[in-house]
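*Asks:* Generate coordinates for the sequence data below:
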Amino acid sequence: MAIEPGDTVSVEYVGRFEDGNVFNTSRYDVAVEHGLVEAQGASREDYTPLVFAVGEGAVIEGLDEALVGMDVGEEASVTIPPEKAYGEVDDERVRQYDRETFEAMVGQDPEVGLHVHAENDLHGDVTAIRDDEIAVDFNHELAGKTLVLDIEVTDTW
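*Replies:* Residues are numbered from 1 along each chain as shown. As a prediction, the model looks like this:
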């Protein structure tokens, strides 16, 4: 029976960039092959199918749309542009802080690449340190990227 909005699904996936590099997956063997387990400090239990209700905003729009009409056991490779994934990079989401404010907010010295959790529940990465100014990018790490998802519907209910 074809998937419709509102159906709950279980989906195995491999997420790649257009150049073929894998950025995420539900499949442990793929994660091992592409160095994700080691890089993320993950274990076999961290790699499980996505389970969600289609059309309710639990996943990116492009994946939601791709699943409508698919059946259990069906596989597809879906190319999802930024506007149907994590959006375009928004320059207004890159904020500048003076060192004192940054250290008070974060509780540690700035370092390029440092992942920070702001008090307003935003997550960002330190992208630059210039003189006494720290740049923090609060865009999603996949913003501005076209994603290729290889998906397999494993169950619906």
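*Asks:* got the phi/psi numbers for the most centrally placed residue in the chain?
*Replies:* Compute the mean C-alpha point of the chain, and by C-alpha atoms, centre = their mean the closest residue is L142, 5.9 Å away. Note on L142: its backbone torsions stand at phi -100, psi 10 [degrees, to the nearest 10].
*Asks:* Now do the contacts for the nearest residue to it once chain neighbours are set aside.
*Replies:* Once flanking residues are discounted, L142 sits nearest to Y86: 4.4 Å by C-beta to C-beta, 6 or more residues apart in numbering. Every C-beta, even on glycine, is put in place using the N, C-alpha and C of the backbone. With contacts taken as C-beta atoms under 8 Å, 6 or more residues apart in numbering, Y86 has the following neighbours: I60, H140, E141, L142, A143, G144, K145.
*Asks:* got the contact list for the last one?
*Replies:* Listed by C-beta under 8 Å, 6+ apart, the contact partners of K145 are F17, P82, A85, Y86.
*Asks:* any idea how far E4 is from it?
*Replies:* The gap separating K145 from E4 is 29 Å, by C-beta to C-beta, to the nearest Å.
*Asks:* And for the fourth one?
*Replies:* When C-beta to C-beta is applied, the distance between L142 and E4 equals 27 Å.
*Asks:* again, but for S43
*Replies:* In terms of C-beta to C-beta, S43 sits 35 Å off from E4.
*Asks:* Looking at those two, which is more packed in?
*Replies:* In terms of neighbours (other C-beta atoms under 10 Å), E4 is the more surrounded of S43 and E4; the figures are 12 against 9.
*Asks:* which residues touch that one?
*Replies:* Applying C-beta under 8 Å, 6+ apart, one finds that E4 lies in contact with V54, V68.
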